[in-house]
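Novice: Got a sequence here, can you build the structure:
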Amino acid sequence: MSPHTLEHYTPPPDEGLTLLYADEALLLLDKPSGLLSVPGRGEGFADCLIARAQRQFPDALVVHRLDMATSGILLLARGAAMQRALSLLFAGRAVRKRYVAVVAGHLPGEGRIMLPLGRDWPNRPRQKVDLLAGKPAHTDWRALHYDAANVCSRVELWPHTGRTHQLRAHMQALGHPILGDSLYAPSAALAAAPRLLLHASRLQLPHPLSGAPLDIHCPPPF
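Specialist: All right, here's what the predicted structure looks like:
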């Protein structure tokens, strides 16, 4: 059985929400790795961040998602009007997201990845670089630290587009898959970490009511 299927979905214990910011318009939460952002299909997949959030904030609604294995900042709207307003900010690229990842190998300096992505149908839910039919995808990256003992690099990642698995597929295409990635990492890089070492660490946006800048930080747990 493939390790990236949901047959063995065992979400982390519900120990309460980790609120990073909350007001009458929106919520910013720290999603743990291993928890779905929204319910999965079928029985046994109802436990997810939005369900947990709605127990405390019944008007909470989804604006965007993080992969189940990814941890970090997730933005929720308070009510349908704010959901529309925040969705427009995402559509207009007024929301800036930054991630921290640990990748295989020595990756120095900084760079830009402009590789279109499309579905890898025989290997769903994987994505693949598709130069002919893929959708444009843009990721910037910057090296933070090289761990020579474990031959891995800590990097910052800035996605400028929001394709499915964009950061994971782009880092694999660069030759430096994210450690612990059951979809894109070869066996050695998969075994090098107990979870996907990808974390949404910073989110910046104008407040949908006041326009004041919000800049939320959440350090990675790895």
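Novice: can we go C-alpha only for contacts and neighbour counts from here?
Specialist: Will do.
Novice: Grab the nearest non-local neighbour of the most centrally placed residue in the chain.
Specialist: A centroid search over the chain (Cα atoms, centre = their mean) returns Leu66, at 4.0 Å, as the residue closest to the centre. Leaving aside its sequence neighbours, Leu66 sits nearest to Ser37 (Cα to Cα, 6 or more residues apart in numbering; 6.2 Å).
Novice: Where does pLDDT dip in the chain?
Specialist: Scanning the chain for pLDDT under 70 picks out 1-7.
Novice: Show me what the longest helix anywhere in it is packed against.
Specialist: If you go by DSSP state H, the chain has its longest helix at helix 80-91. Helix 80-91 sits against strand 60-62, strand 71-78, with contacts defined as 3 or more Cα pairs under 8 Å, 6 or more residues apart in numbering; DSSP states H and E.
Novice: what helices or strands is the last one leaning on?
Specialist: Contacting strand 71-78 under the criterion 3+ Cα pairs under 8 Å, 6+ apart are the following elements: strand 26-31, strand 60-62, helix 80-91, strand 198-206.
Novice: I'd guessed the residue nearest to the centre of the chain sits against Leu74; true?
Specialist: Yes - the criterion here is Cα atoms under 8 Å, and Leu66 meets it with Leu74 at 7.1 Å.
Novice: just the helices in the chain please.
Specialist: For the chain, helices defined by DSSP H occupy the ranges 49-56, 80-91, 166-173, 187-191.
Novice: Out of these, which is the most enclosed?
Specialist: Mean neighbours per residue, mean count of other Cα atoms under 10 Å, is largest over these for helix 166-173, with a mean of 22.
Novice: and that helix, what does it pack onto?
Specialist: Against helix 166-173 (3+ Cα pairs under 8 Å, 6+ apart) you get strand 127-129, strand 138-147, strand 152-159.
Novice: what's the second one packed up against?
Specialist: Based on contacts counted as 3+ Cα pairs under 8 Å, 6+ apart, the elements that strand 138-147 packs against are strand 110-114, strand 152-159, helix 166-173.
Novice: how about 6 Å then?
Specialist: strand 110-114, strand 152-159 (3 or more Cα pairs under 6 Å, 6 or more residues apart in numbering; DSSP states H and E).
Novice: who's in contact with the first one?
Specialist: Counting by Cα atoms under 6 Å, 6 or more residues apart in numbering, strand 110-114 makes contact with 137-143, all of which sit outside it.
Novice: If we use 8 Å, what do you get?
Specialist: By Cα atoms under 8 Å, 6 or more residues apart in numbering, the surrounding residues in contact with strand 110-114 are 136-143, 170, 174.
Novice: same thing with stretch 118-132?
Specialist: So stretch 118-132 is in contact with 115-117, 133-135, 164-165, 169, 173, 183-184, going by Cα under 8 Å, 6+ apart.
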